[in-house]
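J.: just need the structure, nothing else, for what follows:
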Amino acid sequence: MRQYQYHRVFISTCRADPRSDSIRMYWKDANGTPLGNFSRLDAHLRDQGQQMVCATNAGIYDKQLQPLGLYVEGGNQLRRLNTRKNAYGNFYLQPNGVFVLSERQAYIVETSDYQAELGLWNAVTRYATQSGPLMIVDGQINPRFDPDSANKVVRNAVCLDAGGMVTLAIARNPISFYDFASFLRDELKCSDALYLDGSISRMYPTLEANMGPAFGAMIAVVKGDGGK
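T.: The predicted structure is shown next:
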């Protein structure tokens, strides 16, 4: 974990290499019940002889704690790609996208591009979560973001740099889309970034990790018997 201060906002990050680190996604326990928080995820991993290094919520979900879009875990597609565009909410801000983990590589892909090559992506995807909006595409901040926006909340995101490194990031104080995207691009040197969620977002390990409501799936960096 690394801590930053950007425009008086405290931001925590966790960086991992998909070629050597175990980056996974988790939604439900063995009984089919959403894990919902980091304490339960930690216990779930310990039962498997694994240890949670860091984790954050993995995207936007509905009232039943179901991912709102595509969700793949361990090569199994548990939720389908959501291609709807004309709907309310951050998930539907365009373009939205998918964070994909193959065996040894990570990708952030626009939803329309994922859909266009669905067969290819289905073949290589081990883990995936769909969310929105894409914050950065090929080094460019989403043009829908207003530099002067007063819409500021706690936010988290996943981003990739040019070397393929994955960073999970959370702004622990309220921040605008534009300022958060600027931080990811200018400070972390990320070329692509996907927004995960807003006010409910948390990251392990931080002081706020187990405060607040339950959420859906989680992204975690783990080590132990199930790691690479």
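J.: please count neighbours and contacts with C-alpha atoms only from this point.
T.: Fine.
J.: what about the helices in the chain?
T.: For the chain, applying DSSP state H gives helices covering 38-47, 111-116, 118-124, 177-186.
J.: gap between residue 58 and residue 216?
T.: Separation of residue 58 from residue 216 (Cα to Cα, to the nearest Å): 7 Å.
J.: more crowded one of those two?
T.: residue 58 (30 against 23; other Cα atoms under 10 Å).
J.: surely that one meets residue 195?
T.: No: contact criterion Cα atoms under 8 Å: residue 58 and residue 195 do not qualify, at 9.4 Å.
J.: between those two, what contacts are shared?
T.: Counting by Cα atoms under 8 Å, 6 or more residues apart in numbering, no residue touches both residue 58 and residue 195.
J.: nearest to residue 87, of the helices of the chain?
T.: Of all the helices of the chain, helix 111-116 sits nearest to residue 87, with 15.0 Å by Cα to Cα.
J.: pull the residues that contact that closest one.
T.: Counting by Cα under 8 Å, 6+ apart, 81, 83, 95, 96, 97, 98, 121, 130 sit against helix 111-116.
J.: show me those residues that map onto strands.
T.: If you go by DSSP state E, these have 97, 98, 130 in strands.
J.: now these as TSV including distance to residue 25 and neighbour count?
T.: Shown next, in TSV, are the ones in strands among the contacts of helix 111-116 (distance: Cα to Cα, whole Å; neighbours: other Cα atoms under 10 Å):
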residue	distance to residue 25	neighbour count
97	16	31
98	13	28
130	12	31
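J.: quick check, nearest of the residues you listed to residue 106?
T.: Using Cα to Cα, residue 98 comes nearest to residue 106 of the ones in strands among the contacts of helix 111-116, at 10.5 Å.
J.: for that closest one, what are its contacts?
T.: So residue 98 contacts 70, 107, 108, 109, 110, 111, 114, 128, 129, 130, 131, 194 (Cα under 8 Å, 6+ apart).
J.: pLDDT value on the residue nearest to it when sequence neighbours are not counted, please?
T.: The shortest distance from residue 98 to any non-neighbouring residue, by Cα to Cα, 6 or more residues apart in numbering, is to residue 130 (4.2 Å). Looking at residue 130, its pLDDT stands at 98.
J.: and residue 65, by the same measure?
T.: Model confidence at residue 65 (pLDDT) stands at 96.
J.: neighbours of it, just the number please.
T.: Residue 65: 18 surrounding residues under other Cα under 10 Å.
J.: how much space between it and residue 88?
T.: Distance from residue 65 to residue 88, by Cα to Cα: 18 Å.
J.: just residue 147 next, same as before
T.: Distance from residue 147 to residue 88, by Cα to Cα: 22 Å.
J.: out of the two, which sits in the busier spot?
T.: Set side by side, residue 147 and residue 88 show more neighbours around residue 147, with 12 against 8, by other Cα under 10 Å.
J.: pull the number of nearby residues for the closest residue to the more buried one other than its chain neighbours.
T.: Spatially, and ignoring its direct neighbours in sequence, residue 147 is nearest to residue 178 (5.5 Å; Cα to Cα, 6+ apart). Neighbourhood size, residue 178 [other Cα under 10 Å]: 22.
J.: pretty sure residue 178 contacts residue 141?
T.: Yes: here residue 178 reaches residue 141: they are 7.5 Å apart, a contact under Cα under 8 Å.
J.: that older thread, nearest to residue 167, of the helices of the chain?
T.: helix 177-186 (9.1 Å).
J.: now what about that closest one, what contacts it?
T.: Contacts for helix 177-186 (Cα under 8 Å, 6+ apart): 6, 135-136, 139, 141, 145-147, 149, 151-152, 159, 171, 190-191, 193.
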